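S.K.: Kindly return the folded structure for what I paste below:
(one chain, ligands or ions: 2)
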Amino acid sequence: MANTSTHINVHNLDMAYGSFVVQRDLNFEIKRGEVFIIMGDSGCGKSTLLRHMIGLNTPARGEILYDGENFWEALPRAREAMMRRFGVLYQSGALWSSMTLAENVALPIEAYTDLSPDEIREVVSLKLALVGLAGFEEFYPSEISGGMQKRAGLARAMALDPEILFFDEPSAGLDPISSRRLDDLILELRDSLGSTVVVVTHELASIFAIGDNSIFLDAEVRTMVASGNPKQLLADPPTPKIREFLSRGEL
Ligand SMILES: Nc1ncnc2c1ncn2[C@@H]1O[C@H](COP(=O)(O)OP(=O)(O)OP(=O)(O)O)[C@@H](O)[C@H]1O
Ligand SMILES: [Mg+2]
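M.R.: Ligands and ions are numbered 1, 2, ... in the order given. Okay, the predicted model is just below:
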């Protein structure tokens with residue numbers, strides 16, 4: 001990648017729910033335009049880390065910096081401005097079932113821009129076309145497949161042309177082919193929009209197909225125990241646990 005400046009910096013981050021410490025001492029940086037994978041076993045704190053990065057959970061300690069700007073120490077207004085640059089696809093997918101795809105994608109645009117209804121319709125159609133859902137504007141989520149729902153969620157996450165896309169388990173519940181299509185789409189969008197992409201996933205195929213860099217969170221020792229390019233981690237695993245995690249299915 002041509003541009004390798006640091007986009008996101010996580011420094012000495014501790015995360016807790018009350019007195020329950022989920023992870024501590026997280027230190028990593030994410031380069032602009034890279035696909036960064038957060039991996040680890042169920043319950044280790046992947047979604048929790050994402051929630052800290054997008055502004056839903058406050059750190060117990062430590063900093064998260066975007067382009068060098070301290071996210072959690074910024075004034076509410078500045079933090080909101082930073083959050084506008086995020087697009088998020090939650091673990092649960094979370095399209096509104098009572099709204100059409102067009103209405104779902106229009107929601108953030110209506111909330112955060114002054115575009116006219118005609119202009120919004122145009123942007124919405126463009127976003128749906130980008131994820132291969134041209135012509136499905138008036139469909140309801142229940143009328144399309146799981147893979148199409150994920151893509152519609154992706155269209156909504158991209159509605160405001162985000163600089164950073166956050167995905168929590170985007171391929172959960174998808175068959176391998178739909179999952180691969182979604183991976184391809186994530187790469188295409190990264191390439192065309194130049195976005196930085198942060199993905200929580202434990203799907204090996206996705207990890208190796210799209211990950212430029214990664215961290216591994218360990219639920220037992222409650223900190224990150226590895227970081228680096230997933231293929232390189234597999235080639236030279238720092239611990240038996242990483243080897244086991246990255247070679248599942250081959251055994
Ligand atoms: N709102 C909450 N209040 C208290 N504890 C929570 C809360 N959310 C999550 N936890 C706990 O924090 C830990 C990490 O949860 P988290 O959802 O971040 O894990 P995860 O790695 O995303 O798991 P999965 O792969 O199953 O999605 C778990 O022990 C979980 O029970
Ligand atoms: Mg999770």
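S.K.: Now do the strands in the protein.
M.R.: Ranges of strands within the chain are 6-17, 20-31, 35-40, 61-66, 69-70, 86-89, 164-168, 196-200, 213-218, 223-227, based on DSSP state E.
S.K.: Mean neighbour count, distance to residue 153 and mean pLDDT added to the ones you listed, as a markdown table?
M.R.: Bear in mind the C-beta positions are built from the backbone N, C-alpha and C, glycine included. Listed next are those as a markdown table, based on neighbours: other C-beta atoms under 10 Å; distance: least, C-beta to C-beta, whole Å; pLDDT from 0 to 100:
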| stretch | mean neighbour count | distance to residue 153 | mean pLDDT |
| --- | --- | --- | --- |
| strand 6-17 | 18 | 22 | 98 |
| strand 20-31 | 17 | 22 | 98 |
| strand 35-40 | 25 | 18 | 97 |
| strand 61-66 | 18 | 23 | 98 |
| strand 69-70 | 14 | 28 | 96 |
| strand 86-89 | 23 | 5 | 92 |
| strand 164-168 | 23 | 9 | 95 |
| strand 196-200 | 24 | 14 | 96 |
| strand 213-218 | 22 | 23 | 97 |
| strand 223-227 | 19 | 27 | 97 |
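S.K.: So which of these is nearest ligand 1?
M.R.: strand 6-17 (3.5 Å; C-beta to the nearest ligand atom).
S.K.: what does the closest one contact?
M.R.: Residues from elsewhere that reach strand 6-17 (C-beta atoms under 8 Å, 6 or more residues apart in numbering): 21-34, 36, 45, 48-49, 52-53, 57, 59-68, 163-164, 196, 198.
S.K.: The same query, at a cut-off of 6 Å, please.
M.R.: 22-24, 26, 28-30, 32, 48, 52, 59-66, 196 (C-beta atoms under 6 Å, 6 or more residues apart in numbering).
S.K.: Each with direction, which strands does that strand pair with?
M.R.: Strands adjacent to strand 6-17 in the sheet, as given by DSSP bridges, are strand 20-31 (antiparallel), strand 61-66 (antiparallel).
S.K.: Give the burial count for residue 50, as a bare number.
M.R.: 22 (other C-beta atoms under 10 Å).
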